[in-house]
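Novice: give the three-dimensional model of this entry:
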Amino acid sequence: MAQPGRAAYAGSQNGAGQPQQRPYSNGPVQSPLMNSSHLADGQGYNSAVPGAYPQPMATKNPLQTTSGLYNYGASQNILPFSNFQGPGQTLNRTPIGLVSMATPQPGPVGQMPPVRQNLVATSTSGSSFHSGVNPPSHLNWQYGQAPPNQPATVSQVNHFAHPTATQPLLSSSGNTNIPTSYHNVSSSGGPPLQNSYTKPGPPPLPVHQPTYSPVRPPLGPPPVGNPAFTPPAAPQTAPPANITSPNSTSPQEGDATCAASDGSLVHNNYDTIEGGGFLATTYTPSAPQNLKTNRHVGSAYPSLPPGYQNTSSPGGPRMPYSSAPQQFPQPGLGTNVLSASMGGLSLQPEGLRPINLLQERNILPPTPLQAPVPNLHEDIQKLNCNPELFRCTLTNIPQTQALLNKAKLPLGLLLHPFKDLSQLPVVTSSTIVRCRSCRTYINPFVSFLDQRRWKCNLCYRVNDVPEEFMYNPVTRVYGEPHKRPEVQNATIEFMAPSEYMLRPPQPPVYLFVFDVSHNAIETGYLNTVCKTLLDNLELLPGNTRTKIGFITFDSTIHFYSLQEGLSQPQMLIVSDIDDIFIPMPENLLVNLNESKELIQDLLRTLPQMFTHSLETQSALGPALQAAFKLMSPTGGRISVFQTQLPSIGMGALKPREEPNQKASAKDIHLTPSTDFYKKLALDCSGQQVAVDLFLLSGQYSDLASLGCISRYSAGSVYYYQSYHHQHNPLLVEKLQKELKRYLTRKIGFEAVMRIRCTKGLSIHTFHGNFFVRSTDLLSLPNVNPDAGYAVQMSVEESLTDMQVVCFQSALLYTSSKGERRIRVHTLCLPVVSQLSDVYLGADVQAITGLLANMAVDRSVSASLSDARDALVNAVIDSLSAYRSSVLTIQQPGLMAPVSLRLFPLYVLALLKQKAFQTGTNTRLDDRIFTMCQVKNQPLVYLMLMMHPSLYRIDNLTDEGALNISDRMIPQPPILQLSVEKINRDGAYLMDAGSVMFLWIGKNCGQNFISHVLGVPNYASIPHNMIHLPELDTAESSRVLAFISWLREQRPFFSILYILRDESPWKPSFLQNMIEDRTESALSYYEFLLHIQQQVNK
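Specialist: All right, here's what the predicted structure looks like:
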């Protein structure tokens, strides 16, 4: 979080450093359509198409390399991670200062710093990279920003030896997107809360606390003194005249401002319309800040009246709201509460119990690993955000950056902000209550000083409670602001009022762009896509304003006029691909309801229109330019289907892959060969257009270059390798299922997302598909429920005075129904001062997921070998720090705390994934697509792809089964990924996310073969068997129910391969046996021996 002023970026914000024809340091200036100074309120969508951006935005100041940053030392000069020019979008900002207690003074509007050249990673001899002057030697990552007075850490040698043998790997299929259920984060009844967030030890004597409100643990610095009760006063309706409004864009953009409903000023641009972020103005609080906080939060609320829809009502009695003084135990509020309470226990916490990994081989839990529960008071934890939505790598936040550096673990957040939820409170109110300083949305972790004042849990400013917020429509009681849904739910959605709009909400607009070259027609994809679209036309998200259009292309561009009144669709051909123009633009994007018959006619005839085409050229670049021009006035979604390397016009590409070359650490083309697609994506982002790419190709298509069109426009990439309607029927089914999900899932338009955190913490790098528009505002022209994001953080100021810290993400978007909405998630975590507590709260899955994102950036910006070495060094350094600083008795072997026992296994699994493996003939597009999945998938799917689950299914029973909708779902234990766990008399299912393998042993029981596979014996199992028959047997019902249940939990379709010993898919099945040695990679035990050797140095 930052004080007023401009935060500096670290290097290029949105991609690897590469030659560009025009500067895009931080993207373009917002187009006239996006700028309120050019668009009057109420202006419609028929305005002229905005032209090119008038000028590039000035570059942000790059980060300066400082000493004392945590690194993985090596003998090579490798660019520090925080200075990467890679796809991870990086920023640095100063934290918010303490709120001033003085009289408010008019403050200057935040100014842009002088334009300064970005640091560019320049390759030198070997694998050295230099940024600026004399960078420190690194072969690893800097996890955060260190205090400037801290000495530099000593470099280490490269720890990992590279295998050289080869092992072929068959690719797994692509990944797309189906919702999973989630129970509403909601309060439940219970006793008044203790005045502590951490689980307390033996409570001290009760303290009589004369307060107006019921008991509730406070947030923020330790309270001092007693609260001064203030009689209810009239709410403030306007800010003092001398307060300056927050400003987070350059002054030349000419933003208009308007008054928000709570009286604060809000700017009319996308950077500040969500709330000005961290560039807020200091303002005098209306009361002293460090007051005792007492508030009851344990009451459930009944079903909501209109305006509060779709909210679950959890069970439990409601606690009456009383203003009578109460007695309550009050443990100390210092940062050592957790350590003190732990120190009073006779046994060591289970999470810190040391395990010798070389001796305890069976460490994989038999059930899916759950996220660790933060060590908070249980009544506070009940209100916390679901870890499926918001998750931190460390559930105990280190007090200082020095402590974080000492732990050698990354600090970051993993988000799934738009996930499909079965329960979501939706609030309709003219007043959205937010902190007037940092613009945080009111949430369950704020403190109510009295009925009229609340203290922000991020910047600690005291704010007035608006008059409207005093009335709770749930309980129909006045004077209970603490019981409103906004303060009872860590996940909530607001219906945004008009001040959150720059223009009228855009209509849903869908444009489909089809490759119709000879190669495309041969694959037969057009039949599948048009039929699926025809079947789901009525289910497209939208309303009466929904628009749709179609473009096809080969060496020319074909538009289709669907004007109401035509007897049939009319094709318009533009052959001049060097100067694309839009013929009859008013008839190319048409209202879906008004022109439905013409649209259906086109979808029925389109697959046959190009059957005899001999045109082999592909003008993808000009087709995308045409699509962008057509969509610019409104924004929307472009869905592009491509089957080959673009060969003509702008954006034409040349083959860069050598088919027989082994994937070594060098000479792999992971960077784009042109910046055409990135620049076009930035143009699209500026006009609220996202591009989704469906690549259906059997040949090299340079996904490293093509993927940029989706990455920077907040789109998605789908890859169907070697798609053919006859030769690969499994991919036909996969495309059908995933395209249906894609067409019918919910969608958000013209979205922006901002992540806020408690004063003292700083976000410095983002991961995912988006564009950083201004410092910390993520531009998401489209947002979908299957996309995940990650951020890296550092501790910029000591958190000594804080018992907990909070993080909040706010996603402002337009729904397909034309409603402006804000989805808010808030996470609360304890602060600790002991290194052992940091390890105790480590979330090994979140750590691995964040490291995977960092490794993708390192692969692109430096080299694949650098990324692999840094992953291995992450394990070595963290276990070395644990051994030297936490273990009281040094023991032989490789010791790890229970919380990190799976860390080496997960990193080895990453090294064996297509994204990072070496020594094999992995296709380049396969590798790039896996990297795209790492950057864009939510953590739960990433972990499944990285470390598959193995089950024995020939002996399924109903014991321990789940009962879901009157279906019994067996729950077999998860097995280690080793052939040691496989018997020839069994049948095993391996779930690797987008692909499943059912392996049948040679001596598998006759009962399973006949009752599940429907064949008389093992020899009768077909080699190409891809479907399980539905048989009227208990065994068949259990197996089918289990596989269906696994598939229903993910947004993509999992292909099922049924394998015999002689199956061609057997090598892929064995390649996923992470713990076994292959010709090109170490076994798990060998990897542990290597780690131990380095740890003991």
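Novice: ok, the residue lying closest to Arg461 once chain neighbours are set aside to Thr918 distance?
Specialist: Closest residue in space to Arg461, ignoring its immediate chain neighbours: Ser437 at 4.2 Å, by C-beta to C-beta, 6 or more residues apart in numbering. Using the backbone N, CA and C atoms, a C-beta is placed for each residue, glycine as well. Applying C-beta to C-beta, to the nearest Å, the value for Ser437 to Thr918 is 50 Å.
Novice: so for those two, which sits in the more crowded spot?
Specialist: More crowded of Ser437 and Thr918, by other C-beta atoms under 10 Å: Ser437, with 24 against 21.
Novice: show me the strands in the stretch 451-600 of the chain, by range?
Specialist: In the stretch 451-600 of the chain, the strands defined using DSSP state E, counting those that start in this stretch lie at 453-455, 462-464, 471-472, 477-478, 491-495, 509-515, 547-553, 557-561, 570-574, 590-591.
Novice: quick one: closest of those to Leu352.
Specialist: Of all the strands of the stretch 451-600 of the chain, strand 491-495 sits nearest to Leu352, with 31.0 Å by C-beta to C-beta.
Novice: direction included, what does that closest one pair against?
Specialist: strand 426-428 (parallel), strand 820-832 (antiparallel) (DSSP bridges).
Novice: next secondary structure after the shortest one?
Specialist: Pointing back at strand 426-428 there. The helix or strand immediately downstream of strand 426-428 is strand 447-450, counting by DSSP states H and E.
Novice: tell me the most buried of the strands paired with strand 491-495?
Specialist: Of the strands paired with strand 491-495, the one with the most neighbours on average (mean count of other C-beta atoms under 10 Å) is strand 820-832, at a mean of 24.
Novice: ok, and the residue lying closest to Ala714 once chain neighbours are set aside, which helix or strand is that part of?
Specialist: Closest residue in space to Ala714, ignoring its immediate chain neighbours: Leu780 at 4.3 Å, by C-beta to C-beta, 6+ apart. Assigned by DSSP H and E, Leu780 belongs to strand 777-783.
Novice: distance of the residue lying closest to Lys596 once chain neighbours are set aside relative to Leu526?
Specialist: Once flanking residues are discounted, Lys596 sits nearest to Leu537: 7.2 Å by C-beta to C-beta, 6+ apart. Leu537 is 16 Å from Leu526, where distance means C-beta to C-beta.
Novice: between those two, who's got more neighbours?
Specialist: Leu526 (24 against 15).
Novice: how close does that one sit to Gln642?
Specialist: Counting by C-beta to C-beta - Leu526 and Gln642 are separated by 12 Å.
Novice: so where's the stretch 301-450 of the chain shaky on pLDDT?
Specialist: Counting by pLDDT under 70, the stretch 301-450 of the chain contains low-confidence ranges at 301-348.
Novice: if we go to 80?
Specialist: 301-352 (pLDDT under 80).
Novice: how long is stretch 469-480 end to end?
Specialist: End-to-end span of stretch 469-480 (C-alpha to C-alpha, to the nearest Å): 9 Å.
Novice: and it, average pLDDT?
Specialist: The average pLDDT for stretch 469-480 rounds to 83.
Novice: tell me how many other residues crowd the nearest residue to Ile557 once chain neighbours are set aside.
Specialist: Using C-beta to C-beta, 6+ apart and skipping residues adjacent in sequence, the residue nearest Ile557 is Val574, 4.6 Å away. Val574: 19 surrounding residues under other C-beta under 10 Å.
Novice: so the closest residue to Leu534 other than its chain neighbours, which of the three states?
Specialist: Distances taken as C-beta to C-beta, 6+ apart place Leu603 nearest to Leu534, at 4.6 Å, with adjacent residues excluded. Here Leu603 takes the helix state, with states given by DSSP: H, G, I helix; E, B strand; the rest coil.
Novice: Leu603 contacts Thr532, correct?
Specialist: No. The criterion here is C-beta atoms under 8 Å, and Leu603 misses it with Thr532 at 9.6 Å.
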